[in-house]
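Q: generate coordinates for the sequence data below:
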Amino acid sequence: MDFGWGAALGRLSQLALEFFRKYRMEALYFSQLQGFPPGVEKVTAEGREEGMLWMGYISSLAEYAYVQEKGAIEFEPRLAECLVASLVGGRPFSP
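A: Take a look at the predicted model:
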């Protein structure tokens, strides 16, 4: 299955209430691997079935809404900015 740029899954509060209460993150976002050598994303299970590795991020409700409204191609550069910002104290995101 090809997700293209990425895929967002929402409503974590309904699936994992304790996780949501602790982290206040409402969604998961999966994207293609970045920063790895070409080809590492392809995996083979026990020598027969091929699959793909994806990067996963927990996402806020604002981030999830942004993906739904603007799409993954516009979201991923914003996500990269926020991840860099989180290294220096927080992960601010505002649409």
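Q: pLDDT weak spots in this structure?
A: Applying pLDDT under 70 to the chain flags the ranges 1-4, 84-95.
Q: who's in contact with residue 27?
A: Residue 27 sits next to 8-12, 58-61, 63-64, 67 when contact means CB atoms under 8 Å, 6 or more residues apart in numbering. (Glycine included, C-beta is placed from N, CA and C.)
Q: what segments of the protein are helices?
A: For the chain, helices defined by DSSP state H occupy the ranges 12-15, 17-23, 61-70, 72-86.
Q: dump those helices to JSON lines, plus distance to residue 49 and mean neighbour count.
A: Output for those, formatted as JSON lines (distance: least, CB to CB, whole Å; neighbours: other CB atoms under 10 Å):
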{"stretch": "helix 12-15", "distance to residue 49": "27", "mean neighbour count": "14"}
{"stretch": "helix 17-23", "distance to residue 49": "30", "mean neighbour count": "11"}
{"stretch": "helix 61-70", "distance to residue 49": "29", "mean neighbour count": "17"}
{"stretch": "helix 72-86", "distance to residue 49": "26", "mean neighbour count": "14"}
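Q: can you tell which of the ones you listed is closest to residue 33?
A: Smallest distance to residue 33 across these (CB to CB): 12.3 Å, for helix 72-86.
Q: distance between the closest one and the chain's centre?
A: 10 Å (CA atoms, centre = their mean, to the nearest Å).
Q: for that helix, packing partners?
A: Identification of packing neighbours for helix 72-86 by 3 or more CB pairs under 8 Å, 6 or more residues apart in numbering; DSSP states H and E yields strand 6-9, strand 27-32, helix 61-70.
Q: rerun at 10 Å
A: strand 6-9, strand 27-32, strand 54-59, helix 61-70 (3 or more CB pairs under 10 Å, 6 or more residues apart in numbering; DSSP states H and E).
Q: quick one: it to strand 27-32, angle?
A: Orientation check (axes from the mean of the first three to the mean of the last three CA atoms, to 10 degrees): helix 72-86 against strand 27-32 gives 110 degrees.
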